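>>> take a look and give me a structure for this.
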Amino acid sequence: MGDRRKCQTFAASPAEPGGLPVMLAIDCVSGEASASLPDILAERGTLVVYGGLNGQPVQVRALQFIATDIAVRGFWVTRWLLQTPHEEVQKLIDDIDGMASRGALVTEVASLHKLSDIRAALRKAAAGGCNGKVVLDFCDG
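Numbering: from 1, shown residues only. Next up, the predicted model:
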């Protein structure tokens with residue numbers, strides 16, 4: 001239930017005086033994890049779903065739609081890649097690379113495996129419950 005606590009903590013800050021409304025929430029998990037995301041959205045905010053890691057349907061209560069006029073949209077990156085000019089995709093990749101290089105974009109790493117230990121990496125990823133990414137190190141030398 002770690003995802004839900006993060007959402008609730010985040011939702012507290014926009015409610016403070018001078019806080020900015022949260023207009024966009026992004027969900028790659030679905031299921032129960034998606035249920036709390038509409039609660040942090042401002043009126044007329046948007047929940048974008050781009051994955052279903054837990055295999056469950058997105059959970060949004062009818063009252064969340066009705067009371068705050070939120071929208072739920074899907075996003076499939078493969079379609080975007082096929083429809084977007086190469087130059088625009090490359091610019092986005094360069095921007096993301098720059099953010100990661102500056103430390104402005106970070107992600108938790110659950111485990112790091114050398115390519116020669118790919119079986120252990122696959123077992124770890126398949127087991128689920130990781131707090132972070134399972135990363136392969138291709139510099140195996």
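>>> biggest helix in the chain by residues?
Using DSSP state H, we find that the single longest helix of the chain is helix 86-102.
>>> in terms of secondary structure, what does the very next helix or strand once past that helix contact?
Reading on from helix 86-102 to the C-terminus, the next helix or strand found by DSSP states H and E is strand 109-114. Applying 3 or more CB pairs under 8 Å, 6 or more residues apart in numbering; DSSP states H and E, one finds that strand 109-114 makes contact with helix 118-127, strand 133-137. (Glycine included, C-beta is placed from N, CA and C.)
>>> need the contact partners of the shortest one.
Which is strand 133-137. With CB atoms under 8 Å, 6 or more residues apart in numbering as the test, strand 133-137 has contacts from 107-115, 118, 121, 124-125.
>>> on that earlier part again, to Thr46, which of the helices and strands packed on strand 109-114 lies closest?
Counting by CB to CB, Thr46 lies closest to strand 133-137 out of the helices and strands packed on strand 109-114; the figure is 25.8 Å.
>>> and the closest one, which residues are buried?
Val134, Leu136 (16 or more other CB atoms under 10 Å).
>>> got the CA coordinates for that strand in CSV?
Below are the C-alpha coordinates for strand 133-137, written out as CSV (Å, rounded to 0.1, in the frame of the first residue of the first chain):
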residue,chain,number,x,y,z
LYS,A,133,13.7,-1.1,-11.0
VAL,A,134,15.6,-4.3,-11.7
VAL,A,135,18.5,-3.0,-13.8
LEU,A,136,20.9,-4.9,-16.1
ASP,A,137,24.5,-3.7,-16.4
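>>> between it and strand 109-114, how many degrees?
Using axes from the mean of the first three to the mean of the last three CA atoms, to 10 degrees, the direction of strand 133-137 lies 20 degrees away from that of strand 109-114.
>>> understood, closing this out.
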